[in-house]
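Undergrad: A predicted structure for the sequence below; I have some questions about it.
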Amino acid sequence: MASQPEQLHVFDEAFSAIMAMAAGFLLPAEGCTLSDLSGRVLAEDITSNDDSPLADNSAMDGYCFRHADISKATIQNPVVLPIEGHVDAGHPLKKLSPRHAAYIATGGLIPKGADTVVKIEDIEFPDGEKCVSVRAAPPVGTYVRLKGKDMKAGETVLNHGDQIGPFEVGMIAAIGRMGARARRKPRVAILTSGDELVMPFDEPLPWQVRNANTFMLASMVKEIGGDPIDLGIVRDSPEKAAQALNLASDLADIVITSGGVSMGRHDPFIAAFEALRVKTVVHGVAIKPGKPLFFGIVNDKPLFGLPGNQASTAVTFQLFARPFLARMQGNRQPDHPKIVLPIARASDNHSGRDNFLRGTISTDTVSRAEAFPKQDSHLLSSLAGSRILIRHPADKPRLEAMAPVTCLLIR
């Protein structure tokens, strides 16, 4: 059951405990058409049935030759050969006669006998368009795309667990398939809480705040391949929060709440978790921002309770909810890539928690991790333009400029 955390979990411990639960919520696979594949995770290996390209073809507009016919060409003694024909993409020339040349377009099949292409810019025409002159021979095989160079028949070109984007969709189409099996997109219910929240189109009073978190969370859910379900704003009432959580767990594969998970007098979700007998896995993590993070199970569905401050919501989603959603989809690479960079400016951390600083990578002379000046948990300005989360460990009160830091690439 949900309760006030007696001791904060360290980040790595909390991460491991939460991610260990993800395997139990792996989503089923389903057949998808090409138009519905992008953003999903493959649930099968994709194997090419044919070589690609199917035959040798030209990588350039130019003229094709037997290399032996032009190998001795020089500026002083160019080789002049008659033009035998044209090879356009989709219109092959079966054979090139010895000591002849043929025009060939990009993608045109290399005719039998030819083995080298000279690009059009390096060709001269001493007799109109009847002959070509070559003043220097390139290496044999120049500008020839060999059969099977891209993909070979029987080769596995995409793997079970790969995230599919536009380029992968193109590859699947190129090998002659109209679709593939992929994991179902996770349905993600989003709830925000707060009597102070109004919609973005409302003019807020001094004590009110426009609801940015719902739309930010929905965008992040889509980015990782999920389908967000906006269940609106839950006012500061445990009873209403419990009703909303029951509805959310009925509609969705996973529930994400924003706000209402601290121990304030008007925080509704913790009381609702108690009423619904939510199984607590993690409540409270020694990180900044995001200390009140909650993870548990509600009505047999995973539940993330994210803090309500905008930066806290975003950071905890990126640190915990995003990799969990990736694991639900069977993603082979569910975690943010990590790199180690020197930090651009000195950083202090006396919070006793791992501090995840929003920032970017500066590349003036050497790549450095540059934290934004404003890092308060309620400030959206620290999120706009963020490319990395810079981890300042709890056990290092001060990092001097150029000290190495671990950075999570979030965009």
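TA: Received it, and whenever you're ready, just let me know what you need. Residues are numbered from 1 along each chain as shown.
Undergrad: for G259, what are its contacts?
TA: Contacts for G259 (C-beta atoms under 8 Å, 6 or more residues apart in numbering) come out as 192-194, 213, 267, 269, 306-308, 313. Glycine gets a C-beta too; all of them are placed from N, C-alpha and C.
Undergrad: and the pLDDT for the residue lying closest to it once chain neighbours are set aside?
TA: Once flanking residues are discounted, G259 sits nearest to G308: 2.8 Å by C-beta to C-beta, 6 or more residues apart in numbering. pLDDT, G308: 91.
Undergrad: what's the local residue count around G308?
TA: 26 (other C-beta atoms under 10 Å).
Undergrad: is it true that L357 touches K374?
TA: No - shown here, L357 and K374 do not form a contact pair, counting by C-beta atoms under 8 Å, at 10.5 Å.
Undergrad: so which of the contacts of G259 sit within helices?
TA: Within the contacts of G259, residues falling in helices by DSSP state H are 213, 269, 313.
Undergrad: I'd like the residues you listed laid out as TSV, including neighbour count, pLDDT and distance to P337.
TA: TSV is the format used below for those (neighbours: other C-beta atoms under 10 Å; pLDDT from 0 to 100; distance: C-beta to C-beta, whole Å):
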residue	neighbour count	pLDDT	distance to P337
N213	30	94	26
F269	29	90	32
T313	29	95	22
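Undergrad: turn those residues into JSON lines, including distance to G170.
TA: Output for those, formatted as JSON lines (distance: C-beta to C-beta, whole Å):
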{"residue": "N213", "distance to G170": "35"}
{"residue": "F269", "distance to G170": "43"}
{"residue": "T313", "distance to G170": "35"}
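Undergrad: ok, and for stretch 58-76, which residues are buried?
TA: 58, 60-66, 69-70, 73 (16 or more other C-beta atoms under 10 Å).
Undergrad: likewise stretch 220-240?
TA: 220-221, 224-226, 228-229, 231, 233-234, 236-238.
Undergrad: where's the dip in pLDDT among those residues?
TA: The lowest pLDDT within the buried residues of stretch 220-240 belongs to D236, with 76.
Undergrad: OK, contacts around that residue?
TA: Contacts of D236 by C-beta under 8 Å, 6+ apart are 193-195, 260, 266-268.
Undergrad: helix, strand, or coil at F15?
TA: Following DSSP: H, G, I helix; E, B strand; the rest coil, F15 is assigned to helix.
Undergrad: typo on my end, G148
TA: coil.
Undergrad: which residue ranges of this structure form helices?
TA: Going by DSSP H, the chain shows helices at 11-19, 67-70, 166-174, 213-223, 238-251, 268-275, 310-316, 322-328.
Undergrad: quick one: contacts for A89?
TA: 105-108.
Undergrad: D127 now?
TA: Counting by C-beta under 8 Å, 6+ apart, D127 makes contact with V80.
Undergrad: now M178
TA: Per C-beta under 8 Å, 6+ apart, neighbours of M178: 33-34.
Undergrad: and what of L251?
TA: If you count contacts by C-beta under 8 Å, 6+ apart, then L251 has 187, 189, 229, 231 around it.
Undergrad: closest one of those residues to P337?
TA: Comparing the contacts of L251 against P337 with C-beta to C-beta places R187 closest, at 26.8 Å.
Undergrad: tell me what the closest one is bridged to.
TA: D227 (DSSP bridges).
Undergrad: D250 is in contact with that one, correct?
TA: No - applying C-beta under 8 Å as the test, R187 and D250 come out as separate, 10.7 Å apart.
Undergrad: the more surrounded of those two?
TA: R187 (17 against 10).
Undergrad: just give the number of residues close to F273.
TA: Using other C-beta under 10 Å, F273 has 28 neighbouring residues.
Undergrad: and K185, by the same measure?
TA: 23.
Undergrad: now it: closest residue in space that isn't a chain neighbour?
TA: D227 (4.9 Å).
Undergrad: verify the contact between that neighbour and R184 for me.
TA: No - in this structure, D227 is not within contact of R184 by C-beta under 8 Å, at 9.2 Å.
Undergrad: re earlier: show me which of the buried residues of stretch 220-240 is closest to E370.
TA: Among the buried residues of stretch 220-240, and counting by C-beta to C-beta, the member closest to E370 is M220, at 22.6 Å.
Undergrad: which residues touch I361?
TA: 341, 367-370, 387-388, 407.
Undergrad: do the same with A137
TA: A137 is in contact with 67, 70-73, 79, 116, 118, counting by C-beta under 8 Å, 6+ apart.
Undergrad: ok, the spatially closest residue to it that is not a sequence neighbour to T142 distance?
TA: Distances taken as C-beta to C-beta, 6+ apart put I70 closest to A137, at 4.5 Å, once the chain neighbours are dropped. I70 sits 11 Å away from T142, going by C-beta to C-beta, to the nearest Å.
Undergrad: which residues do these two both contact?
TA: Listed as contacting both I70 and T142 by C-beta under 8 Å, 6+ apart are 116, 118.
Undergrad: can you show me the CA trace of stretch 31-40 as CSV?
TA: The C-alpha coordinates for stretch 31-40 follow below in CSV (Å, rounded to 0.1, in the frame of the first residue of the first chain):
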residue,chain,number,x,y,z
GLY,A,31,0.3,-7.3,-37.6
CYS,A,32,0.9,-3.8,-38.9
THR,A,33,0.9,-2.4,-42.4
LEU,A,34,3.7,-0.2,-43.7
SER,A,35,1.7,2.9,-43.0
ASP,A,36,1.2,2.0,-39.4
LEU,A,37,4.7,0.7,-38.5
SER,A,38,6.6,4.0,-37.8
GLY,A,39,7.1,4.5,-34.0
ARG,A,40,6.5,0.9,-33.1
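Undergrad: which other residues reach that stretch?
TA: By C-beta under 8 Å, 6+ apart, the list of residues contacting stretch 31-40 reads 163-166, 168-169, 172-173, 177-183, 185, 222, 225, 329.
Undergrad: one more pass at 7 Å, please.
TA: With contact meaning C-beta atoms under 7 Å, 6 or more residues apart in numbering, stretch 31-40 is reached by 164-166, 169, 172-173, 178-183, 185, 225.
Undergrad: show me the shaky parts of this protein.
TA: 1-6, 263-266, 377-379 (pLDDT under 70).
Undergrad: mind giving me the domain split of the chain?
TA: Structural domains annotated on the chain: 11-27+185-328, 31-52+165-183, 57-145, 338-409, as defined by automatic domain parsing.
Undergrad: can you say which of these is packed in most?
TA: domain 11-27+185-328 (a mean of 20; mean count of other C-beta atoms under 10 Å).
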